[in-house]
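Trainee: Requesting a structural model of the entry that follows:
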Amino acid sequence: MSKKASLGHNPLAYSLKSHASFDFIKNTQDTSDNGTSDVEKSNQKKVTSYYLQEETINRIKAIADQKGESYSSVVNDFLKVMLDKENQKE
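Mentor: Down below sits the predicted model:
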């Protein structure tokens, strides 16, 4: 038995090809839509930019705080309600 202190294992000393599998990592190169569920499709979001009066922003933030939701979630809900009302008029 050697009396030298062990310095540990060096993972770079051998190839990982035969020793490890990384199949748990999602392939980001895949462009097919086979793995997406309806929930993922409905939650797709994009960033938008718009100008609002400061008073309006503060009121929306207050409502978001009361509901315990994010600012963007409240804005999204408001826009959906208004769009539904517009569609009912037609």
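Trainee: CA only for contacts and neighbour counts going forward, please
Mentor: OK.
Trainee: quick one, helices of the protein?
Mentor: 38-42, 54-67, 71-89 (DSSP state H).
Trainee: Using CSV, lay out those helices together with mean pLDDT, distance to Thr48 and mean neighbour count.
Mentor: Compiled in CSV, the helices of the chain are given as follows (pLDDT from 0 to 100; distance: least, C-alpha to C-alpha, whole Å; neighbours: other C-alpha atoms under 10 Å):
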stretch, mean pLDDT, distance to Thr48, mean neighbour count
helix 38-42, 61, 17, 8
helix 54-67, 96, 15, 13
helix 71-89, 93, 10, 12
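Trainee: could I get the ones you listed as CSV with distance to Thr28?
Mentor: As requested, the helices of the chain are exported to CSV (distance: least, C-alpha to C-alpha, whole Å):
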stretch, distance to Thr28
helix 38-42, 16
helix 54-67, 34
helix 71-89, 27
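Trainee: what's the closest of those helices to Asn27?
Mentor: Evaluated over those, closeness to Asn27 peaks at helix 38-42, with 16.5 Å, by C-alpha to C-alpha.
Trainee: Which one, of the helices of the chain, ends up nearest to Lys26?
Mentor: Per C-alpha to C-alpha, nearest to Lys26 of the helices of the chain: helix 38-42, 15.1 Å.
Trainee: Now for the closest residue to Ile63 other than its chain neighbours: which residues touch it?
Mentor: Distances taken as C-alpha to C-alpha, 6 or more residues apart in numbering put Val74 closest to Ile63, at 7.6 Å, once the chain neighbours are dropped. Neighbour list for Val74: 60, 63-64 [criterion: C-alpha atoms under 8 Å, 6 or more residues apart in numbering].
Trainee: ok, these vs Leu79, which is closest?
Mentor: Looking across the contacts of Val74 and measuring by C-alpha to C-alpha, the closest to Leu79 is Ile60, at 12.0 Å.
Trainee: what sits against the closest one?
Mentor: Counting by C-alpha under 8 Å, 6+ apart, Ile60 has contacts 71, 74-75.
Trainee: For Tyr51, see how far away it is.
Mentor: 14 Å (C-alpha to C-alpha, to the nearest Å).
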